[in-house]
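Visitor: Provided below are the primary sequence and the corresponding predicted coordinates.
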Number of protein chains: 2
Amino acid sequence: MKVLILGGDGFLGWPTAMHLSSCGHEVTVIDNYFRRTASAEIGAPQLYATPKLNERVVAWAAKSGKDIKVFEGDVTDYKFFLDVFKKVVPDTVVHYAEQPSAPYSMANYEQARFTLNNNLTGTLNLAYAVREVNPECHIVKLGTMGEYGTPDIDIEEGFIDIEHKGRKGRFLFPRQAGSLYHTTKIQDTDLLYFYVRAWGLRVTDLMQGPVYGLFTDEMDDDENLFTCFSYDETFGTALNRFVVQAVAGIPLTVYGAGGQTRGYLNIKDTMQCIRLAVDNPLDEGGLRVFNQFTETFSVNDLADRVVRAGKMLSLDVQVQSVENPRVEAEEHYYNPALSALPDLGLEPNLLTDDVLARILETVMKYKSNIHAESILPKTKWK
Amino acid sequence: MKVLILGGDGFLGWPTAMHLSSCGHEVTVIDNYFRRTASAEIGAPQLYATPKLNERVVAWAAKSGKDIKVFEGDVTDYKFFLDVFKKVVPDTVVHYAEQPSAPYSMANYEQARFTLNNNLTGTLNLAYAVREVNPECHIVKLGTMGEYGTPDIDIEEGFIDIEHKGRKGRFLFPRQAGSLYHTTKIQDTDLLYFYVRAWGLRVTDLMQGPVYGLFTDEMDDDENLFTCFSYDETFGTALNRFVVQAVAGIPLTVYGAGGQTRGYLNIKDTMQCIRLAVDNPLDEGGLRVFNQFTETFSVNDLADRVVRAGKMLSLDVQVQSVENPRVEAEEHYYNPALSALPDLGLEPNLLTDDVLARILETVMKYKSNIHAESILPKTKWK
């Protein structure tokens, strides 16, 4: 299958490119290096340097004997994007090309505007290119569990049947997110869902939880194949930030009461989920929504586990509650459904102490690279 | 009260400016003349010429003795917009500055992209300017009943209580619209609702149905105070287009089966609704949603009424079903709630045969201006 990955240089984009390539798909990636540029601009160093795409694909070809094609450019530039689309004529597009950070989207006007325009224009361009070049192309769009927020009712997988005053209807599960970034992911779903109904596009929306870990099977121990590892307040994900704090000897920063509960997954399971979505396209026009996580944890749960795994490595990990920079419920009901991806064959890599210890050990190798000052939250929602 | 109207040159913007000015508010308007430019570009003439804002406000001052301030510019230009906002420091903003045509948003890529970026960037700029200059400012945003689509359950006013698996929650009423334009109005609600929760903004979202008519009390018979009257497929609203067809002797074009039902209102009632929203601001941060229409009609109902009113004026009005250029249900359940605005004092001007005959008579005066070829639908959804 010909697969085009938008945002193929990112934390998940590059591992996905290798994984789908390794599974026998013909993979092409697009990236404009936004993540690298933005990290540099806001002074958020990564744990180690990673090569750019032209070097990555050489390293991957040397290891696997397989080619990944690269186009450097911006998916919001429709002329460029349509040109790539016509050259590739993909059967499937995996759409990672959005600004993915909640704090980035909340820091100031310019970053808010960039997030809104980038995330929605890229998605619009994708809808139009698919319609123009290959209307049967399967769009696999990354969404986020954060779109649902923390409602008092069970979270279903994308849709809900509502009985109201004696009548029934089926609707997108109501969404209310906790940041502008997350709100743009509600908006891009609305956008694609509209074109699904109007034009018959085929869309899988993956409502992914925060991802932890850094290794996938395709990397082995080849540093040239590693994915980027952010631990700053802007681009670092919750558990990965805790791991870096544990290694650096900084207390883990729990925002507020720490009861904030989310569905998490290992980066290896993201690979499985994407592959399962790609290998099981929709037979006809429609929007299909999968919740994509393996376990739910509160922030306090995560901190406890890092403390415990730290002990295995003789790290004395402290935990500190800090004022919550976000506007969010710190204690809440949370019961999201999870059945579509397991039904397709997802076999979870759960967060055991051993898994966590392995991540800690890896980060310890790069301890001298850690810039402690980029970890603490500076971006306040209010 | 100091009221800033975004899109103050438009079909509703200009009458709103006069109405709120006449009620004693200090009114300032912003417009970039998008509607005039776009009408010219797509070759969609209006029924009669209307003066631009600098002449309109002179005519208004001569009639009323009241000043309306004008700023020509684009609300998506944040520097310009913030500058105006700081000069005015409005207590209330009425936000009409969106691209308002469904066919325009569906015609081609460029117009789709413009609609998406214009409508969301303008709304983002509004949220940021309010936060920076006057966080207690009341935002009155025009939404559309079209955001709800045509669900099989009763449409509530903005929010719905859902009982699901033994638990309860209150959510934005689920929305799925029938065009990109309408989808951007879902998205701008999501955007403002997010900033309501994060920053405590005060927002009234008016879910308005299609507006008919052309006169408001402030115009009398002064042509210099008339609002623009579009009858083309892009910017003309359903009933106003039928009136022009009736006068021009062209069969009324009913799209498909004609059972499409919507909530309609007279432009005079739009004035009342806006005034009621402006005069009853929220006491604290929150999102308030009002459904804004007075009666529901199917397209066939409207056609029948135009035929009947035409007879009063000896017009022989024909009706013709044409292939529906849109993707929409042509027969459906439709039962929207309507209580908030009547509770505040809305006294509807209903669509009687006399009202319709008066509109027909007015249009007859301009019969020689009608360009028949701009009425028929050319923009197809698929």
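Guide: That came through, no problem. Residues are numbered from 1 along each chain as shown, chains lettered A, B, ... in the order given.
Visitor: What's the separation between residue A:163 and chain B?
Guide: 8 Å (C-beta to the nearest C-beta, to the nearest Å). Using the backbone N, CA and C atoms, a C-beta is placed for each residue, glycine as well.
Visitor: Next, that residue: phi, psi?
Guide: Dihedral angles phi and psi of residue A:163 (degrees, to the nearest 10) take the values phi -110, psi 130.
Visitor: got it, and the one 3 residues further on?
Guide: Backbone torsions for residue A:166, taken as degrees, to the nearest 10, come to phi 80, psi 0.
Visitor: For it, give its distance to chain B.
Guide: From residue A:166 to chain B the distance is 9 Å (C-beta to the nearest C-beta).
Visitor: roughly how far apart are that residue and residue A:251?
Guide: Separation of residue A:166 from residue A:251 (C-beta to C-beta, to the nearest Å) stands at 55 Å.
Visitor: what about the two, which has more around it?
Guide: Using other C-beta atoms under 10 Å in any protein chain shown as the criterion, residue A:166 and residue A:251 rank with residue A:251 on top: 14 against 7.
Visitor: what about the helix ranked longest in chain A, near chain B?
Guide: For chain A, the longest helix by residue count, based on DSSP state H, is helix A:109-133. Yes - Helix A:109-133 lies within reach of chain B by C-beta under 8 Å from any C-beta of the partner chain, at A:109, A:112-113, A:116-117, A:120-121, A:124, A:128.
Visitor: In those, find the pair that's most separated.
Guide: A:109 and A:128 (27.9 Å; C-beta to C-beta).
Visitor: Residue A:71: which element?
Guide: strand A:68-72 (DSSP states H and E).
Visitor: Can you show me the strands along the stretch 151-300 of chain A?
Guide: Remark: strands assigned in the stretch 151-300 of chain A by DSSP state E, counting those that start in this stretch are A:159-164, A:167-172, A:202-208, A:211-212, A:252-255, A:261-266, A:286-292, A:295-298.
Visitor: Out of the ones you listed, the one nearest residue A:74 is which?
Guide: Set against residue A:74 and scored by C-beta to C-beta, those come closest in strand A:202-208, at 21.9 Å.
Visitor: What separation do you get for residue A:226 and residue A:73?
Guide: The gap separating residue A:226 from residue A:73 is 24 Å, by C-beta to C-beta.
Visitor: which of those two has more neighbours?
Guide: Relative neighbour count places residue A:226 above the other of residue A:226 and residue A:73, with 22 against 16, counting by other C-beta under 10 Å.
Visitor: quick one: contacts for that one?
Guide: Neighbour list for residue A:226: A:48, A:50, A:214, A:219 [criterion: C-beta atoms under 8 Å, 6 or more residues apart in numbering or on different chains].
Visitor: ok so, going back, after the longest helix of chain A, which helix or strand is next?
Guide: With elements assigned by DSSP H and E, the helix or strand that comes after helix A:109-133 is strand A:138-144.
Visitor: quick one: that next one to helix A:109-133, angle?
Guide: With axes from the mean of the first three to the mean of the last three C-alpha atoms, to 10 degrees defining the directions, strand A:138-144 sits at 160 degrees from helix A:109-133.
Visitor: Parallel or antiparallel, which strands does strand A:138-144 pair with?
Guide: Using DSSP bridges, strand A:138-144 pairs in its sheet with strand A:92-95 (parallel), strand A:202-208 (parallel).
Visitor: C-alpha coordinates for that strand, PDB please?
Guide: Output of strand A:138-144 as PDB, limited to C-alpha atoms (Å, rounded to 0.1, in the frame of the first residue of the first chain):
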ATOM      1  CA  HIS A 138      -8.100   6.400   3.500                       C
ATOM      2  CA  ILE A 139      -7.300   9.300   5.800                       C
ATOM      3  CA  VAL A 140      -5.900   8.300   9.200                       C
ATOM      4  CA  LYS A 141      -6.000  11.400  11.300                       C
ATOM      5  CA  LEU A 142      -4.500  11.700  14.700                       C
ATOM      6  CA  GLY A 143      -7.000  13.100  17.200                       C
ATOM      7  CA  THR A 144      -6.600  13.100  21.000                       C
END
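Visitor: Fine by me, we can end here.
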